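1. compute the structure for the input listed below.
(one chain, ligands or ions: 1)
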Amino acid sequence: MAEEGPSIRLIQAAEHPRLLKMKEMFVSKFGSVPEFYVRAPGRVNLIGEHIDYCGYAVLPMAVEQDILIAVEPVKSQTFYLANTNSFYRDFSTSVNDIHINKTKPQWHNYFLCGLKGIQDHFNLKNLTGMNCLLDGIIPPSSGLSSSSALVCCAGLVTLRANGLSLSKTELAEICTKSERYIGTEGGGMDQAISFLGEEGMAKLIEFNPLRATDVQLPSEASFVIAHSCVEMNKAATSHFNTRVMECRLAAKFLAKYKGLKWKEILCLKEVQVKLGVNLEEMLLLVEEVFHLEPYSPEEICKCLEISLEELRTQILSKNTQDVLLFKLYQRAKHVFSEAARVLQFKKICEEAPANSIQLLGDLMNQSHVSCRTLYECSCPELDRLVDICRQFGAQGSRLTGAGWGGCAVSLVPTDKLPDLLANVQKAYYQSKKGRLAVEKPCLFATKPGGGALVFLEA
Ligand code: GLA
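-> So this is what the prediction gives:
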């Protein structure tokens, strides 16, 4: 059976306050009604951080917060994008002249990534023009994947406006690739869960080939998202890509050490698969191969027997050319141990022992320690927030998403939820000033939500 595309739901905009408001704004902006609407959700990653781009499985769930776009295909070849939030300025361009600015990751560039992904996939010469109005309720730069949700939403908008169809996994793969037009070398977790998310289910997302398996979370567990009030846009700094490159270099080192064709190897999972060994054995190999001190580009070149020029042009990304230190031991150790924690998490959910919540919480806590100490993708505010959540009843708490700011996710026994929310509010947010601390959603309980959808007016 052919794999399914995103669902189409018939609705009456008049019965949905958010859609109705969008429809009214659309009419006053463009003088016509939208032909259809598309939504794509953000996500919270429960465990498995910074390992998707190494080829390892991750365990996220889609959240209710999403990007919603009202669309009218038009005869002209103009693409016009407006936002219900006046903070974001209108943008327009010819659909056949798409330029994505990597130096300034502005909001409309993420739409262009999705649009260009579909254009390139079908090699479309004549895309239809579109009037689009976007309403986003995923807090930006918070680790809840607002940017990927926008890329996915734009991909599905472009697909539908041009009368084309694709399966959810094809869409996820295209949007993963096309988000890289913005310059970040992300894995495929965010796009996969945005399309494959299902209400009530977390998902184990595996790669090569991309697939999603249901993970039923314990019924007495609640998941709480809390914003550290530090914003981090992964496209605006080189932290994220530096980690991707460190993992890539670590993979090449391990492969070379084991006599594999290391030049072809791009990620750590490939090395494990080629060696046919388990994650514990990979962890032992890390101890054998790497020293604890960071590696300079010169040392890397010496070990791989390549020139600095080759390192820069054939391995490193554009924005990591000037990195002076690469921590290969620490990053590889995080990746293999985190990959093992994901599998343990799934197994506990399946076997559901009496102390599931405690066991799952322990894994989340270990994941945070590994992100903080080995992967160095936390920050003091996130560490403090995670400690406060644990102090007030979370069994486990960890940063979620890329890190260096953004949100923490906590596993809380449902009977402790009201107390935890009240106490964390007091302990972390009351003393904080600024937009993020007073704005909602800053601290909220969440449930696994559904994936991307098309809405048509009945
Ligand atoms: C970002 C990327 C994902 C993943 C996470 C870290 O969200 O887009 O692919 O790498 O960071 O787990």
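
2. helices or strands next to the strand or helix carrying residue 410 in the packing?
-> When elements are assigned from DSSP states H and E, residue 410 belongs to strand 407-413. Strand 407-413 sits against strand 36-47, strand 221-227, helix 356-373, helix 380-391, strand 396-399, with contacts defined as 3 or more Cβ pairs under 8 Å, 6 or more residues apart in numbering; DSSP states H and E. In this view, the C-beta of every residue, glycine as well, is placed from N, C-alpha and C.

3. on the three-state scheme, the closest residue to the ligand within the stretch 151-300 of the chain is what?
-> Among the residues of the stretch 151-300 of the chain, residue 186 lies nearest to the ligand; the distance is 3.2 Å by Cβ to the nearest ligand atom. Classification of residue 186 using DSSP: H, G, I helix; E, B strand; the rest coil returns coil.

4. does it touch residue 176 like I think?
-> Yes. The pair residue 186 / residue 176 is scored as a contact, 7.1 Å apart, by Cβ atoms under 8 Å.

5. which secondary element of the chain has the worst mean pLDDT?
-> helix 435-438 (a mean of 63; mean pLDDT, DSSP states H and E).

6. mind listing the strands the helix or strand following that helix pairs with, and their directions?
-> Note on helix 435-438: by DSSP H and E, the next helix or strand toward the C-terminus is strand 443-446. Take DSSP bridges as the rule and strand 443-446 pairs in its sheet with strand 221-227 (antiparallel).

7. okay, buried residues for the strand it pairs with please.
-> By 16 or more other Cβ atoms under 10 Å, the buried positions in strand 221-227 come out as 221, 222, 223, 224, 225, 226, 227.

8. in TSV, list these along with distance to the ligand and pLDDT.
-> What follows is the buried residues of strand 221-227, written out as TSV (distance: Cβ to the nearest ligand atom, whole Å; pLDDT from 0 to 100):
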residue	distance to the ligand	pLDDT
221	21	96
222	22	97
223	16	98
224	19	98
225	14	97
226	17	97
227	15	95
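
9. mind listing the helices for the stretch 101-250 of the chain?
-> 107-122, 146-161, 168-179, 189-196, 239-257 (DSSP state H, counting those that start in this stretch).

10. can you redo the ones you listed as TSV with mean neighbour count?
-> Output for those, formatted as TSV (neighbours: other Cβ atoms under 10 Å):
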stretch	mean neighbour count
helix 107-122	23
helix 146-161	29
helix 168-179	23
helix 189-196	30
helix 239-257	23
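
11. residues contacting residue 415?
-> residue 220 (Cβ atoms under 8 Å, 6 or more residues apart in numbering).

12. change the start of the numbering to 18 and stick with it
-> All set: I'll call the first residue 18, so the last point we hit is now residue 432.

13. any idea how many residues pack against the residue nearest to residue 193 when sequence neighbours are not counted?
-> Once flanking residues are discounted, residue 193 sits nearest to residue 205: 4.0 Å by Cβ to Cβ, 6 or more residues apart in numbering. A count of nearby residues for residue 205, using other Cβ atoms under 10 Å, gives 24.

14. got the phi and psi for residue 205?
-> phi -110, psi 10 (degrees, to the nearest 10).

15. for residue 72, same thing?
-> phi 90, psi 0.

16. and it, how many neighbours?
-> Applying other Cβ under 10 Å, we find 23 residues neighbouring residue 72.

17. what's the pLDDT at it?
-> Residue 72 is assigned 98 on the pLDDT scale.

18. then the one 4 residues further on?
-> Looking at residue 76, its pLDDT is 98.

19. is the ligand within reach of the helix or strand containing it?
-> Using DSSP H and E, residue 76 falls within strand 76-91. No. Judged by Cβ under 6 Å from any ligand atom, strand 76-91 makes no contact with the ligand; its nearest approach is 8.8 Å.

20. ok, now stretch 126-143?
-> No. Residues of stretch 126-143 are not located near the ligand by Cβ under 6 Å from any ligand atom, the shortest gap being 11.7 Å.

21. what sits against whichever residue of the stretch 368-475 of the chain sits closest to the ligand?
-> Closest residue of the stretch 368-475 of the chain to the ligand, Cβ to the nearest ligand atom: residue 419 (3.7 Å). Contact partners of residue 419, counting by Cβ under 8 Å, 6+ apart, are 67, 160, 249, 251, 256, 257, 394.
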